[in-house]
Each structure stands twice: as structure tokens, then as C-alpha cells.
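K.L.:
my questions concern the predicted model and sequence given below.
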Amino acid sequence: MTIQTLEIESQTHSAGSDAKPLGAKMEVQNMSVFYGKFRALTDINMNIYANKITAIIGPSGCGKSTLLRSFNRMNDLTPSARVEGSILLDGRDITANREDVVDVRRRIGMVFQRPNPFPKNIYENVAYGPRLYGIRRKNDLDLIVEKSLKQAALWEEVKDKLHQSGLSLSGGQQQRLCIARALAVEPEVILMDEPASALDPISTLRIEELMHDIVKEYTILIVTHNMQQAARVSDFTAMMMIDEHRSGRMIEFGETKSIFTNPKDKRTEDYVTGRFG
Amino acid sequence: MWVVENGIEMTKQISIPPERHWFSRLQRITRHGDSPWQAIIIVMAVLVMVLMLAIGWMLWRESADARAAFGWGFLTPSLDTSWDPVNDKFEAWPFIYGTLLTALTAIVLAIPISLGVAIFMSELCPDWLRMPLNWLVELLAAIPSVVYGLWGIFVFLPLVVTPVGGALFETLGKVPMLNVLFTGPIPPSGASRLGAAFILTIMIIPTITAVTRDVLLSIPSSQREAALALGATQWETIWQVLLPYGLSGILGAVILGLGRALGETMAVTMVIGNSIEGSPSLLRPGYTMASVIANEFAEAVTKLHTQALIEIGLVLFFMTLLLNMVARLLVWRVARRTPQEARA
């Protein structure tokens, strides 16, 4: 349960060389997740810094996805799930029952492991979110769709076929369409649950590039199996592992560079050097 | 500490001697059964088509004299139709009208109810209620139609249909245009097209509900998650994502219900009043194609009477066939837009 305290303010960060001090967009405090009596996550503490990419790594079944899904309350969909502790978004606890879960999910968007476009055309896929929030004017929607598709690096490929089904696209394009769909509601934080694990290397690369491009405006949290990917794209890395009760714990959290080059925990070292996992 | 994935131990091969083991020998033998098996399957498939054609051909042949005697006039709508076994004058319009009106009314009433129940069962229902509810819906489908008919005569008609019919007569019966369908009064017994439509509604609800529920349950949860993660409410997720996604399957469910409503005989015969009076109103007694065949076939004395009844059977047969074809087309059209397979 020991968490590496970070003295970030004193360090200049590799990816974001701007001088302004890092702000914690989200703070996870002593959070545990239960499925019925089973404790899936134990005492998670971490900060998600604004305009940074934070990666969560760890072996299968260590609760990475459960952790990610706590951030936008997707665990609410599992009837037996229960969260203890708190997750603060700009200082407000989003796990509290009185919080409007719809509002939380608008501010914290999500991209899933497998591309899941709606069986609608490309335009309608992206416009779905804005429409939910009452944007009806065609001009406004056109602008949002174009902007989101450009951010997701998909515009050039689809601008002439916006009225084709989203399902007619390739897997990598579908995933970027899903990213565009998530960006269209202008969330503050984007959760990505192994967004490239079902994709080929080129598509993976494109997704990583677009993450770099959009992180100026968003805060990104990504779960990945792929350690090279975590090392390539992230600014911070959280290492998770299951303990003797098969409950997920965060064993190390810190700047990606230090996690990969100078891990404090032996288990992290074993994992990132590929000795197991 | 942590548990290492047990990868290597798992790959150890358990070897079965390929020739000795009784199971592999059995497989070897049955594999040579492929061609007889295929032949049996083809014969069965052909049998279905032959049956279909045989029924159609029999109805067509056995109604030859009636078709020759009445021509297309047998089917055309008119206000003063006659069904007069004594003078051998037969026209089918009142029965066609009765069948169509009761079945369509039933489907219109059943769709919202069934959709609601199916959505509740697949999306909102707490786990402990799901099993009993499933069971009850399936039970509703298993009740014999004669029981529905009896219950209709003694309970449902006097308690529900008569008051509702009276109220409709007082309200919609006064609205111009609509009043054609709601001229009354409804008979005190409640025996009317409305009664038949209500009973049919109850009878087709389980069919539509069960299929729609299965369609909704088969929608991948990634679709729900996609909508919810964008901040859609559960209501928006259901109406804007799930129902469009499952539309082709739901259409199939509705067609299935309509098919049942068109062909239902016993319960309808017991509650519709079996009269061919001229009024087109829902609140008046009527007749359907299936009920007139059931009621009169045993007593049909003249050849022409029998043949007229068979011709009604022919019309019903073609109507169902046509409906199924239209339904197929509809489901295909919708299915092309959605990834889900058509199921009708």
C-alpha cells in the first residue's frame, strides 16, 4: 500500500516541457471496489494529472479495467459492485450517489477495448453525443463532427463518405471513429481500455500518435497490456498486481521514465523487464 | 505474493491412443454416415415444400366450382354482402374484413405492451424477478386457446369489454370519421370484434414479448456501454441505441404475432359473436375467416357451400403467405442497415 510520493513540481517533465506546475485533475483516495463480498481492488491511491497521459499496467486479472471503469462509474452497471473511498474530479467526489452519473460520464469519456460503433452512419456516430446534449442545428453538428474526426485523425479518410455505415470501416478506423465519438462531447478526461489491443501495429501507431496530439486539450488515462506502448505514450505509469487475496493493488506509481528505468519495487522490475506476466 | 499464470503446466498433452479408444472408433464409423445423413436432411427439407404446395393445390382444386361461380366478386369489399347457404349465394368480404380488423387492432394494442414488458425484462428487471416473469410469460403462451375463449365469455367480455366498448361508443363514436369504427352500441354480452381483438391482444403478447426480449438480450453489451459512456441515460440508450439495433428482430416478432392473430380460431369464434351484419364497427359482432370455416364446415350441405368455405381457406392461406413474404422483405431491408441477423 506504499505509494511513491512524487515531487513532480521540482522536476521538469519529459513530454510536457511547459513550466507550469502539474495539477491533479483527478485524485483517487483509498479506493476499494467490491463485487459482492469479493474485494476486487484494495486501497488505490493515485493522481491523474491534467493534460498528461497516465498508463495503468499489470498482469491479466489484476483489476486494471475495474479501476478504469470506476472513473466513469461504469461499474454501476454491475449490480453487485460497490465502491469505497473516493475519486475526486476537480475536487468533487464523483463516487457519491448524489453525483449525476450522466454528468460524470459526459466529463469523463471512454474508449473501449473493441471498437463499438453504433450501426449508424459515420456522421451520426459522431453526432450522437452532441445530440444528447441538445445540439440540433445542422451547422453546429457539422462543425463538431469535422473537428472531432480531425482530432481523431480520421477526417481525411472518411470526409467523402460520412453517410456510409460506421461498420463499413476497418477495425483501426472504427476505433478512431469511437475516439471521435467520445471527443465530440468534449470530455475533460478520456479513459481508454486497451484501445489498441484488437488492432494491427499500424493502426496502433496511429492511435498512439493521435493520443499525443489530443493530450494538449484532454487528460488521458489508458489501460494497456503492452509495456512498450505504456513506455512510448505515457507520462505517468501505475503498476498493478494482485495480492494474496486475489485483490488488485497498486504497487507503484510514478513517472513513466522512472518506472521503466529505475523501478522501486522488485515486482515492477520483473514485470517491465518481461520476466513474467 | 502474487499468482503466476499457470501457462506451462496447462499445455501438457493428454494423449488418447487414436485407434484403440472407443470414442475415436465411433467417430470414425459415424463420419462415413455423412452421405445418408445428408440425404435424409434433403428429403425432410423437400418434404416441407411439398406439404406447402400440396395444401395450396388441394385448396385451389377443391374450390374450383366456387371460384367459377363467384369470380373476383367473392373477395371484393361491398356493404351489402350475402352469405346465404339456402340460396347458394356466398361472398367472403365480411370474414376478410373481420379477420383483418381484429388482427390489426390486436397488433396495434399488443406492440406497446409487449415492447414495454420485453424492455423491462431485459434491461430493468431485478435479477430475482426475471425468472418468475419469464416463466409467467411463457405460461401465458401455453394456455390453450379454448381456455382463453371460455375465460373471455364469462369474465373478460362482461367485466372489461362491455364497459370499455360503452365508453368508446360515448367518446370516439362521436368523432367524425372515426365513428365508422365505433358505432354501437356494444351488445351487453360484450361479444364483438373489440372483444376478439382484446383476446387476440392477450394471446399474442407472450409471443412478441418473448422474441423481443431475446432480441434485446442478444444485443452486445458494448452497445449499451458505448451509449452510457457518452452520458446517455438508460431511457436514451434503450430508445436510441437498443431498439434501432434490434429493429429487424423486433419486426420479426411482430410479424410472428400478427400471423398468430390472423389464424387464431377457437378463442375468436367464442367471443366475436359470429354475425355478418353490415356494420363495420369494432363494437359490433363480426366474423372471421377462421371462425366461419370452423363453425360451418361440418354443417355445409350443398357442394357450393363447402367449396365457398374452402375458398375462404384458400384466401386465408394466401393472405398468410403474402404477409410472411412482405415480412421477410421488411426484415431483410432493415437487417441490411443493422449488423444483427434477421430473425423472423
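P.N.:
Right, received. Where do you want to start? Numbering: from 1, shown residues only, chains lettered A, B, ... in the order given.

K.L.:
okay, CA-based contacts and neighbour counts for the rest of this
P.N.:
OK.

K.L.:
let me see the contact set for A:Trp155.
P.N.:
Applying C-alpha atoms under 8 Å, 6 or more residues apart in numbering or on different chains, one finds that A:Trp155 lies in contact with A:146, A:149.

K.L.:
find me the pLDDT at residue 92, would you?
P.N.:
Defaulting to chain A. Turning to A:Arg92, the model gives it a pLDDT of 88.

K.L.:
not quite, go with chain B.
P.N.:
According to the prediction, B:Ala92 has pLDDT 88.

K.L.:
wait, it touches B:Leu75, no?
P.N.:
Yes: at 5.6 Å, B:Ala92 and B:Leu75 qualify as touching, with contact defined as C-alpha atoms under 8 Å.

K.L.:
residues from the stretch 101-250 of chain A in reach of chain B?
P.N.:
Proximity of the stretch 101-250 of chain A to chain B is assessed by C-alpha under 8 Å from any C-alpha of the partner chain, with A:101-106, A:109-110, A:116-120, A:129, A:132, A:165, A:182, A:185, A:241-244, A:246 identified as the residues in range.

K.L.:
kindly recompute the last result at 7 Å.
P.N.:
A:102-103, A:105-106, A:109-110, A:116, A:118-119, A:129, A:132, A:182, A:242-244 (C-alpha under 7 Å from any C-alpha of the partner chain).

K.L.:
please flag which of those residues sit within helices.
P.N.:
Secondary structure from DSSP state H places A:102-103, A:105-106, A:129, A:132, A:182 of these in helices.

K.L.:
which residues of the stretch 151-300 of chain B fall in helices?
P.N.:
Taking DSSP state H, counting those that start in this stretch as the test, the helices found in the stretch 151-300 of chain B are B:162-171, B:193-218, B:221-229, B:234-236, B:243-245, B:247-263, B:266-271, B:289-296.

K.L.:
chain A is nearest to which of those?
P.N.:
The stretch from the helices of the stretch 151-300 of chain B with the least distance to chain A (C-alpha to the nearest C-alpha) is helix B:221-229; that distance is 5.6 Å.

K.L.:
number of nearby residues for whatever residue of the stretch 101-250 of chain B ends up closest to chain A?
P.N.:
Each residue of the stretch 101-250 of chain B has a distance to chain A, by C-alpha to the nearest C-alpha, and the smallest belongs to B:Gly231, at 4.6 Å. The criterion is other C-alpha atoms under 10 Å in any protein chain shown. On that basis, B:Gly231 has 27 neighbouring residues.

K.L.:
isn't it up against A:Gly109?
P.N.:
No: with contact defined as C-alpha atoms under 7 Å, B:Gly231 does not count as touching A:Gly109 (8.3 Å).

K.L.:
buried ones among the residues of the stretch 101-250 of chain A next to chain B?
P.N.:
Among those, those classed as buried by 16 or more other C-alpha atoms under 10 Å in any protein chain shown are A:102, A:105-106, A:109-110, A:116, A:118-119, A:129, A:132, A:182, A:242-243.

K.L.:
hmm, back to that, pLDDT score for the residue of the stretch 101-250 of chain B closest to chain A?
P.N.:
We note a pLDDT of 91 for B:Gly231 in this prediction.

K.L.:
enumerate the residues of the stretch 101-250 of chain B near chain A.
P.N.:
So far as C-alpha under 7 Å from any C-alpha goes, the stretch 101-250 of chain B lies against chain A at B:222-223, B:226, B:229-233, B:245.

K.L.:
so who does B:Arg130 touch?
P.N.:
For B:Arg130, the contacting residues are B:Met121, by C-alpha atoms under 7 Å, 6 or more residues apart in numbering or on different chains.

K.L.:
that one sits in which helix or strand?
P.N.:
Counting by DSSP states H and E, the secondary-structure element that holds B:Arg130 is helix B:127-142.

K.L.:
ok so, going back, what's the closest of the helices of the stretch 151-300 of chain B to A:Ser86?
P.N.:
Nearest to A:Ser86 among the helices of the stretch 151-300 of chain B is helix B:221-229; the distance by C-alpha to C-alpha comes to 19.8 Å.

K.L.:
and A:Leu89, its phi and psi?
P.N.:
Here the main-chain torsion angles of A:Leu89 (degrees, to the nearest 10) amount to phi -120, psi 110.

K.L.:
check contacts around it.
P.N.:
For A:Leu89, the contact set (C-alpha under 7 Å, 6+ apart) comprises A:25-27.

K.L.:
out of those, who's the most crowded?
P.N.:
Going through the contacts of A:Leu89 with other C-alpha under 10 Å as the criterion, the one with the most neighbours is A:Met26, at 22 neighbours.

K.L.:
after the helix or strand encompassing that one, which helix or strand is next?
P.N.:
Assessed by DSSP H and E, A:Met26 sits inside strand A:24-35. Scanning forward in sequence from strand A:24-35 by DSSP H and E, the next helix or strand is strand A:38-49.

K.L.:
run the chain-centre distance for that next one.
P.N.:
Between the centre of strand A:38-49 and the centre of its host chain there is 15 Å, according to C-alpha atoms, centre = their mean, to the nearest Å.

K.L.:
that one relative to strand A:24-35, how many degrees between them?
P.N.:
Going by axes from the mean of the first three to the mean of the last three C-alpha atoms, to 10 degrees, strand A:38-49 is angled at 180 degrees with respect to strand A:24-35.
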